[in-house]
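Enquirer: mind looking at a prediction? Sequence and model below.
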Amino acid sequence: MPGPRVRFAPSPTGFFHIGSARTALFNWLYARHTGGTFVLRIEDTDQARNSDEFLNVIYDSLRWLGLDWDEGPHAGGDFGPYRQSERAGIYREYLERLKAAGRTYEKDGALFFRISGEPQVIDDAVRGRVERLEEKDFVIFRSDGSPVFHFVNVVDDIAMRITHVIRGEDHLSNTSKHVELFKAFGEPLPTFAHLPLILKQSGPGKMSKRDQGALVEEYRRRAYLPEALVNFLCLLGWSPKDDREKMPMAEIIRLFDLPGINQSNARFDDKKLAHMNMVYLLEQAPERFAALARGFFTGLGPADPAAADALAASPDYFLAVMALSQPKVKAIEELPAYTRYFFTEDYPVDPKARETIFAKGDPRTRLAELAAAFSTADFSSDATLEQVLRDLAAAKALKIADYIHPGRLAVSGTSVGPSFFSIYRLIGRDKALRRIERFLGAPDRL
RNA sequence: GCCCUCAUCGUCUAACGGUUAGGACGGAGCCCUCUCAAGGCUCAAAUAGGGGUUCGAUUCCCCUUGAGGGCGCCA
């Protein structure tokens, strides 16, 4: 495949970090924009800190985000193997080239690279000309014989014909080491593009894996939409240069380019992410919304009667409840609490809501009237229920709101929720009347 | 400490050297309305400071300050 070759080179030493995801994303975007090749390479030279579990987290997270790789583990390619732990022979070959050039020496059992002493200059695609003098020789093979990051990173970029190195700014200062190595090998420099860092939400420093919201896994667990997370991540360090924020991926791919990347670090903002996610959630087909929600109910475990009943409910009923809630909630994770009363009689009554209702006058007479009117009403549609209530309110010279507010409290225990009529329709006549009766019998206890 | 990078509302960002410095999140208020969301309207909110260059600087240059990163036999 012609065109640029970029790579994402994670180290499986922890969970998948949001900053890593953004680096992977920008590499992927550049490959897709240019018709180039996106290579996944696993940098697992530090045996002590690696595990297959972490490896699978990387694969799963990339797939979940939709960042498919053209070459790498599972995908194959002409420049494998793609795990550095399997490339020892290649590193030995390249080491010989350095030895032959007289650029190495041994000290304390480790192999050192002899620097040139000259300042190294790169023409960074986002930062422009950057010059830095590497001042000390550095280790390229440990005393146990294993190669070090700087060495394998450069060797693999050469061997895999990487044309553009797109990575975080935390590598900018290391680049002088890398340029030294490229030159020592007699190889041309790739184009470097150093991305601004993602800073932690509050407090000093860049986002680290211990920070709240730093792991991609967390958003998957919380049933965020991957396309929302990806869209949000695109906007951390890049923009279309106009007012658009929510954009289809195809459009982002079309517009994305290296010169459009910002130079300054970006602070992570979970509120804005949550908003982006909500905007995406709102436009999902009810079936997909319900499917996401269903997984979240499962996650609650069987100990919760509401969750158990939700799972036991007919698919149609569950879908209907979720469809009603979709325009109302900001996140999937709110759903179990938000819809609890649809699935169990064991739901809490908000004391503040009850207080507000009673402060406006004892609602018991109205509730009794509502129950009487609804005892013969047609529960098959919102409209028929609404007509019955309007007739009742007109007959009593009251507003429908005078019935709706206590009526909602009686069957749901809360003052917030979907349309009153939809709630009654879905709960059904029998349960609704029973709940009103129960409320009338013990309004203080409930 | 040395080196590298960066600097527009609280946050993410837009603005050929000439704009009432725009949008979004968040905040406040109003409207809509059966509540809550969503939506609509409105408000508060920024060019870090100081020097230059220029008729004119958010924009170009320098200094200061601030922020971030790197200086591992981690990646």
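Expert: Structure received. Residues are numbered from 1 along each chain as shown, chains lettered A, B, ... in the order given.

Enquirer: hang on, A:D124 packs against A:P190?
Expert: No - applying Cβ atoms under 8 Å, one finds A:D124 not in contact with A:P190, separated by 11.2 Å. No exception for glycine: its C-beta is placed from N, CA and C like everyone else's.

Enquirer: who has more neighbours out of the two?
Expert: A:P190 (22 against 19; other Cβ atoms under 10 Å).

Enquirer: from what I see, the more buried one and A:I166 are in contact.
Expert: No - assessed by Cβ under 8 Å, A:P190 is found out of contact with A:I166, at 9.7 Å.

Enquirer: which residues are in contact with stretch A:425-433?
Expert: A:317, A:320-321, A:324, A:341-342, A:345, A:371, A:374-375, A:377, A:379-382, A:385, A:411, A:424, A:435 (Cβ atoms under 8 Å, 6 or more residues apart in numbering).

Enquirer: got it, and stretch A:259-270?
Expert: Residues contacting stretch A:259-270 (Cβ under 8 Å, 6+ apart): A:18, A:26, A:125-127, A:169, A:193, A:195-201, A:206-207, A:211-213, A:236-241.

Enquirer: please pick the buried ones from the residues you listed.
Expert: With burial judged by 16 or more other Cβ atoms under 10 Å, the buried subset of those is A:18, A:26, A:125-127, A:169, A:193, A:195-200, A:206-207, A:211, A:213, A:236-238, A:240.

Enquirer: which among the contacts of stretch A:425-433 are in contact with RNA strand B?
Expert: A:D382 (Cβ under 7 Å from any atom of the strand).

Enquirer: which residues of chain A fall in strands?
Expert: Here chain A has its strands, by DSSP state E, at A:5-8, A:37-40, A:104-107, A:110-113, A:119-124, A:128-133, A:138-141, A:164-168, A:191-195, A:198-199, A:266-267.

Enquirer: could those strands go into JSON lines alongside distance to RNA strand B?
Expert: As requested, these are exported to JSON lines (distance: least, Cβ to the nearest atom of the strand, whole Å):
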{"stretch": "strand A:5-8", "distance to RNA strand B": "11"}
{"stretch": "strand A:37-40", "distance to RNA strand B": "13"}
{"stretch": "strand A:104-107", "distance to RNA strand B": "7"}
{"stretch": "strand A:110-113", "distance to RNA strand B": "4"}
{"stretch": "strand A:119-124", "distance to RNA strand B": "8"}
{"stretch": "strand A:128-133", "distance to RNA strand B": "4"}
{"stretch": "strand A:138-141", "distance to RNA strand B": "4"}
{"stretch": "strand A:164-168", "distance to RNA strand B": "8"}
{"stretch": "strand A:191-195", "distance to RNA strand B": "7"}
{"stretch": "strand A:198-199", "distance to RNA strand B": "6"}
{"stretch": "strand A:266-267", "distance to RNA strand B": "3"}
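
Enquirer: just put the ones you listed in CSV and tack on mean pLDDT and distance to A:G66.
Expert: CSV is the format used below for these (pLDDT from 0 to 100; distance: least, Cβ to Cβ, whole Å):
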stretch, mean pLDDT, distance to A:G66
strand A:5-8, 98, 14
strand A:37-40, 98, 12
strand A:104-107, 94, 43
strand A:110-113, 96, 39
strand A:119-124, 95, 28
strand A:128-133, 94, 32
strand A:138-141, 96, 36
strand A:164-168, 97, 18
strand A:191-195, 97, 19
strand A:198-199, 96, 19
strand A:266-267, 96, 21
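
Enquirer: pull out the buried positions in stretch A:377-387.
Expert: The neighbour-count check on stretch A:377-387 (16+ other Cβ under 10 Å) flags A:377, A:379, A:382, A:385-386 as buried.

Enquirer: averaged pLDDT, that stretch. What do you get?
Expert: Per-residue pLDDT over stretch A:377-387 has a mean of 93.

Enquirer: residues in contact with that stretch?
Expert: A:374, A:388, A:400, A:419, A:421-422, A:424-425, A:428-429.

Enquirer: give the PyMOL command for selecting the buried subset of the residues you listed.
Expert: Applied in PyMOL, the following selects the buried portion of these according to 16+ other Cβ under 10 Å:
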select buried, chain A and resi 374+388+400+421+422+424+425+429
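
Enquirer: report the two of the contacts of stretch A:377-387 separated the most.
Expert: Greatest spacing in the contacts of stretch A:377-387, by Cβ to Cβ: A:I400 and A:G428 (20.6 Å).

Enquirer: sorry, back to before: out of the strands of chain A, which is closest to A:V155?
Expert: For the strands of chain A, the distance to A:V155 is smallest for strand A:138-141, at 9.5 Å, taking Cβ to Cβ.

Enquirer: just checking, what packs against that closest one?
Expert: Secondary structure elements in contact with strand A:138-141, counted by 3 or more Cβ pairs under 8 Å, 6 or more residues apart in numbering; DSSP states H and E, are helix A:88-100, strand A:110-113, helix A:149-159.

Enquirer: mind doing that once more with 6 Å?
Expert: strand A:110-113 (3 or more Cβ pairs under 6 Å, 6 or more residues apart in numbering; DSSP states H and E).

Enquirer: what's the spacing between the strand it packs on and its chain's center?
Expert: Centroid separation between strand A:110-113 and its chain, computed with Cα atoms, centre = their mean, to the nearest Å, is 41 Å.

Enquirer: least confident secondary structure element in chain A?
Expert: Least confident helix or strand, chain A: helix A:305-312 with a mean of 79, by mean pLDDT, DSSP states H and E.

Enquirer: how about that helix, which residues are buried there?
Expert: Using 16+ other Cβ under 10 Å as the test for burial, helix A:305-312 gives A:306-310.

Enquirer: residue contacts, the nearest residue to A:Y280 once chain neighbours are set aside?
Expert: Counting by Cβ to Cβ, 6 or more residues apart in numbering, A:A228 is the residue found nearest to A:Y280 once chain neighbours are left out, at 4.0 Å. A:A228 makes contacts with A:276-277, A:280, as judged by Cβ atoms under 6 Å, 6 or more residues apart in numbering.

Enquirer: which of those residues lies closest to RNA strand B?
Expert: A:M276 (7.7 Å; Cβ to the nearest atom of the strand).

Enquirer: surely the closest one meets A:F232?
Expert: Yes - between A:M276 and A:F232 there is a contact at 4.6 Å, judged by Cβ atoms under 6 Å.

Enquirer: who has more neighbours, these two?
Expert: Higher neighbour count among A:M276 and A:F232: A:F232, with 25 against 22, using other Cβ under 10 Å.

Enquirer: distance from the chain centre to stretch A:55-73, please.
Expert: How far stretch A:55-73 lies from its chain's middle: 14 Å, per Cα atoms, centre = their mean.
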